[in-house]
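**Student:** coords please:
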Amino acid sequence: MDALEPKAIRVLLPRDDEGKALCSAQDPRVTPGNAAQAGRVLEVFDPGLTSGNQVVAEAAATALQTLLLAITGKPDLQAAWKQLIPDLRPNQVVGIKVNTLNPQVASRPEVVRALVES
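**Tutor:** From the prediction side, this is the model:
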């Protein structure tokens, strides 16, 4: 099976009033209480992510993997997650906040599944 390649990835950083980035795109580790780091957004654009109104699960998984590897600079998902959550131990639980209240921007099951399976 051929991997789908996202068309474009952008890291959008929060900026101060003068336009200076408040955090680095190369250091994805989030420090609790650091609002600048918490405001970082990753965006991927690929027309192949959807077919009509449906998310293409394989494309979502590929896009998520590409984003994780891009922001961490790591060669594989295990190393990327270890950089993002360095103190995570095998028996700990990671919560995923999904949006079910607004149908216009609801979390898509295909994307959540890709996140969980990564």
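
**Student:** So for stretch 77-88, what gets flagged as buried?
**Tutor:** Within stretch 77-88, the residues that count as buried by 16 or more other Cβ atoms under 10 Å are 80, 81, 83. C-betas here are computed from N, CA, C, even on glycine.

**Student:** Could you look up the SS state of the first one?
**Tutor:** When you say that, I think you mean residue 80. helix (DSSP: H, G, I helix; E, B strand; the rest coil).

**Student:** Where do the helices of the protein begin and end?
**Tutor:** 35-38, 57-72, 77-84, 109-117 (DSSP state H).

**Student:** Highest mean neighbour count out of the ones you listed?
**Tutor:** When the helices of the chain are scored by mean count of other Cβ atoms under 10 Å, the highest mean neighbour count falls to helix 57-72 (a mean of 19).

**Student:** what packs against it?
**Tutor:** strand 8-12, strand 41-45, helix 77-84, helix 109-117 (3 or more Cβ pairs under 8 Å, 6 or more residues apart in numbering; DSSP states H and E).

**Student:** and the direction of the longest one versus that of helix 57-72, what angle?
**Tutor:** It refers to helix 109-117. 50 degrees (axes from the mean of the first three to the mean of the last three Cα atoms, to 10 degrees).

**Student:** list the contacts for the closest residue to residue 117 other than its chain neighbours?
**Tutor:** Closest residue to residue 117 apart from its sequence neighbours, by Cβ to Cβ, 6 or more residues apart in numbering: residue 61 at 7.0 Å. Shown in contact with residue 61 (Cβ atoms under 8 Å, 6 or more residues apart in numbering): 113, 114, 117, 118.

**Student:** now the first one, nearest residue through space, not along the chain?
**Tutor:** Yep, that's residue 113 we're talking about. Distances taken as Cβ to Cβ, 6+ apart put residue 57 closest to residue 113, at 6.8 Å, once the chain neighbours are dropped.
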